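Student: fold the following and give me the result.
(chains A, B, C, D, E and F)
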There are 4 protein chains.
Amino acid sequence: MTKTKYTEKRDLLIEAGLRVFSRKGFSGSTIKDIAQEAGVTSGLIYHYFDNKEDLLWGIIEEHTLNHKLYNIIKFSTEDLTIDELLKNILTAVFNFLKEKPYFISMFLGEAQRNPKIRKRLINLIREATEGLSYFISNKYKLDFHYVEVAVRNTLTASFMHHLLYMEGDNPVINEERYIQNTIQQLSKVLN
Amino acid sequence: MTKTKYTEKRDLLIEAGLRVFSRKGFSGSTIKDIAQEAGVTSGLIYHYFDNKEDLLWGIIEEHTLNHKLYNIIKFSTEDLTIDELLKNILTAVFNFLKEKPYFISMFLGEAQRNPKIRKRLINLIREATEGLSYFISNKYKLDFHYVEVAVRNTLTASFMHHLLYMEGDNPVINEERYIQNTIQQLSKVLN
Amino acid sequence: MTKTKYTEKRDLLIEAGLRVFSRKGFSGSTIKDIAQEAGVTSGLIYHYFDNKEDLLWGIIEEHTLNHKLYNIIKFSTEDLTIDELLKNILTAVFNFLKEKPYFISMFLGEAQRNPKIRKRLINLIREATEGLSYFISNKYKLDFHYVEVAVRNTLTASFMHHLLYMEGDNPVINEERYIQNTIQQLSKVLN
Amino acid sequence: MTKTKYTEKRDLLIEAGLRVFSRKGFSGSTIKDIAQEAGVTSGLIYHYFDNKEDLLWGIIEEHTLNHKLYNIIKFSTEDLTIDELLKNILTAVFNFLKEKPYFISMFLGEAQRNPKIRKRLINLIREATEGLSYFISNKYKLDFHYVEVAVRNTLTASFMHHLLYMEGDNPVINEERYIQNTIQQLSKVLN
DNA sequence: GATGAATGAGGGTTCATTCAT
DNA sequence: AATGAATGAACCCTCATTCAT
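Tutor: Residues are numbered from 1 along each chain as shown, chains lettered A, B, ... in the order given. You can find the predicted model right below:
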């Protein structure tokens, strides 16, 4: 399936928008910033998006963690221990957060003032949480609701950890160790 | 120690600022909004604060969760079980979040774009986390670092929970139950 | 004389332009609006017209009341009373205004800012006024200048009436009666 | 009753707005144009008016013909002939139009696209028409509705005349004579 | 002929900040 | 201390026009 030229350029703008929004936040970014980042002029953005918020929306729709989490579930083999599974999941989460360092912060920030964005964020987290919890509770015979709280807390704590302690290449807190500790504790909760 | 008139008026502005910033976020609030909320005119704010950000800073300094947490530790009696202690702590946290519903969201939001604010937020969380962890690990003979991760995760997950699921009077998720579950799991981690 | 393809398409654009300009005014209409109304894309309009104003000009040239008024004169029989003639004329004027409800308003509106358009409008009204006045003064042996003022006032008052009191299907003032009264008074002036 | 400073400046902006709007039309004028004309910066206009349209509205409210027409009625003596009265009225109308040469054109132009403005214009004309007609029909024992049509037609024809034939200092049509002719015919209608 | 992506100037509006009163 | 008029930079967005395809 080849991409049309329209789609290609639209994607280019979305990538530029992601970079700029992530760097400066939504209201801190100007349309001109984004146009410059994409190597076009400001007017063009309005050819592909209705307005600034519509661009943000486009970015959010394009970048989601959930697809990766589904894959982890899908390709997890029979004999995986719960610790191994948790490690896979948390590693994927942290990789995602590192690949798009400020995306989650921008997303969360906008969610505070924009109800539509908030609903989308809640929904994504719910989908991820429920998907993982369903899988785990099923596979290891645990109570769904109990698992769900644990998973959601771990997920959201990871987001917060990322938001607060990841400063460019200079993480305030050792990440490796944080993941290890977190897995260990989550594992304890689930056993 | 009686308050000077200067201090009184300054506090009034801080309270007004907190209310407005919490309602509309930092960049969504105007100096005029805040002046109106305080019943003064916009120019006056510049008598008490250098600029908008300085006002935000004043607000943050004035409103902290940590004082309450210290009190919980200070007045906790000898024979408190760990579950009881955890309940006290989480309840205090949630009460704080409910009293100033959007404060944490504003704080976190600004922390993303403003490094000075971010450092302050990290510091506050670190102080709270370390204080509680030190107390708990000491009292119940647990490894400090292990406790710290658990406490920080729980604390930040609570913030996230508040950010995402508290919609005015219509919480998306039952709070009572969320606290119970979270305590139960934290307790399991710490035992 | 068969129409070339070029002329056909040009006319189509003119008709679309008339509809859109009439609906939204000149500066309220966009080239895209008109292109869409015509079922083409915006670029094409620049094949047939130099720019937006040139299109307006094309529209104005194509739509004129005067042709109809000439016909009324041309086909008026010998024994027509002056009241019957006046009725024919005013009816034609009002029918024209109703067929192209907002055309005159757009025309007049643009005439205010655009001297070229103003000259054209004045000219059209002068032609119509003079033509009618010449015919009437001749036929009924009246002073030309006296008739001219009466005719022009009646004509322009009708335009104004249309501009102000015709709101879609809900005319603010009863039209039938307005025409009757106006004829009666014009007739009195001319007798 | 002394004017406050606020009112004075507001009036200054209204006068500047009137001049600029009249010269260039509403959408042809920029806020900066008006600010420059008033000798202030653009931002200040928003201190006194909500937006561009609100300024237009302020202008319209401030400049009305009707007050003058009321005075003519009020101070007309007992033994005035109908021709003298008509002359007074039409002279007042034309003086008004000459004092604010493009005001009526701007007003009428905006009335076409802005329903609120249209309603106001219709209302003003109705008030003027009804006031004059009531007075005339009463004083000279004529049918009100019959007088009303005549008055409204004369009034609106005068507006149109002004719109079309007044070009700066070079009127296309001799005004003195136009007034005379118009009075003569109106008088004939009313006798 | 026809498309529609791309430009870029320009408009209305907001608002932190200053300062004369 | 307190006011609020005034500034002016910056922002989002529109749209006539051009041009490669």
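Student: OK, contacts around the spatially most central residue of chain A?
Tutor: Centroid-nearest residue in chain A, with CA atoms, centre = their mean: A:Leu65, separated by 4.4 Å. Residues near A:Leu65 by CB atoms under 8 Å, 6 or more residues apart in numbering or on different chains: A:92-93, A:96, A:124, A:128. C-betas here are computed from N, CA, C, even on glycine.
Student: any idea which of those is the one closest to DNA strand F?
Tutor: Nearest to DNA strand F, judged by CB to the nearest atom of the strand, of these is A:Leu124 at 24.1 Å.
Student: thinking again about what came up before, how much space between the residue nearest to the centre of chain A and A:Ile125?
Tutor: 9 Å (CB to CB, to the nearest Å).
Student: enumerate the residues of chain A near chain B.
Tutor: For chain A, the contact set with chain B under CB under 8 Å from any CB of the partner chain comprises A:24-25, A:27-28, A:102, A:105-106, A:108-109, A:111-113, A:118, A:121-122, A:125, A:145-146, A:149-150, A:152-154, A:156-157, A:159-161, A:163-165, A:172, A:178, A:181-182, A:185, A:188-189.
Student: the lowest-mean-pLDDT helix or strand in chain A packs against which elements?
Tutor: Lowest on mean pLDDT, DSSP states H and E among the helices and strands of chain A sits helix A:103-113, with a mean of 82. Here helix A:103-113 touches helix A:5-24, helix A:115-139, helix A:144-165, helix B:103-113, helix B:144-165, going by 3 or more CB pairs under 8 Å, 6 or more residues apart in numbering or on different chains; DSSP states H and E.
Student: tell me the angle of the last one relative to helix B:103-113?
Tutor: Okay, so that is helix B:144-165. For helix B:144-165 against helix B:103-113, the angle by axes from the mean of the first three to the mean of the last three CA atoms, to 10 degrees is 110 degrees.
Student: buried ones in helix B:144-165?
Tutor: For helix B:144-165, the neighbour count (16 or more other CB atoms under 10 Å in any protein chain shown) marks B:146-165 as buried.
Student: mind checking if it is in reach of chain A?
Tutor: Yes. If you take CB under 8 Å from any CB as the test, helix B:144-165 does meet chain A, through B:145-146, B:149-150, B:152-154, B:156-157, B:159-161, B:163-165.
Student: state the mean pLDDT of that helix.
Tutor: Per-residue pLDDT over helix B:144-165 has a mean of 91.
Student: how far away is whichever residue of chain A sits closest to chain C from A:Leu55?
Tutor: Here chain A gets closest to chain C at one residue, A:His47, 11.3 Å apart by CB to the nearest CB. For A:His47, the distance to A:Leu55 (CB to CB) stands at 11 Å.
Student: those two: which is more packed in?
Tutor: Shown here are A:His47 and A:Leu55; by other CB atoms under 10 Å in any protein chain shown, A:Leu55 has more neighbours (26 against 11).
Student: ok, the more buried one - contacts?
Tutor: A:13-14, A:17, A:34, A:45, A:48-49.
Student: run a quick neighbour tally on A:Val51.
Tutor: For the record, residue A:51 is Asn, not Val. 11.
Student: any idea how far it lies from DNA strand E?
Tutor: According to CB to the nearest atom of the strand, to the nearest Å, A:Asn51 stands 12 Å off from DNA strand E.
Student: show the backbone phi and psi for that residue.
Tutor: Main-chain torsions, A:Asn51, degrees, to the nearest 10: phi -170, psi -180.
Student: what's near enough to touch A:Leu56?
Tutor: Contacts of A:Leu56 (CB under 8 Å, 6+ apart): A:17, A:21, A:26, A:110, A:117.
Student: how much space between the last one and D:Gly28?
Tutor: Applying CB to CB, the value for A:Ile117 to D:Gly28 is 39 Å.
Student: the two - which one has more neighbours?
Tutor: Applying other CB under 10 Å to A:Ile117 and D:Gly28 shows that A:Ile117 carries more neighbours, namely 21 against 16.
Student: returning to what we had before: so which of the helices and strands packed on helix A:103-113 gets nearest C:Asp79?
Tutor: Comparing the helices and strands packed on helix A:103-113 by their distance to C:Asp79 (CB to CB), the top pick is helix A:5-24, with 69.8 Å.
Student: buried sites along stretch A:34-50?
Tutor: Within stretch A:34-50, the residues scored as buried using 16+ other CB under 10 Å are A:34-35, A:37-38, A:40, A:45, A:48-49.
Student: I meant stretch A:70-84, not that one.
Tutor: With burial defined by 16+ other CB under 10 Å, the residues of stretch A:70-84 counted as buried are A:72-73, A:82.
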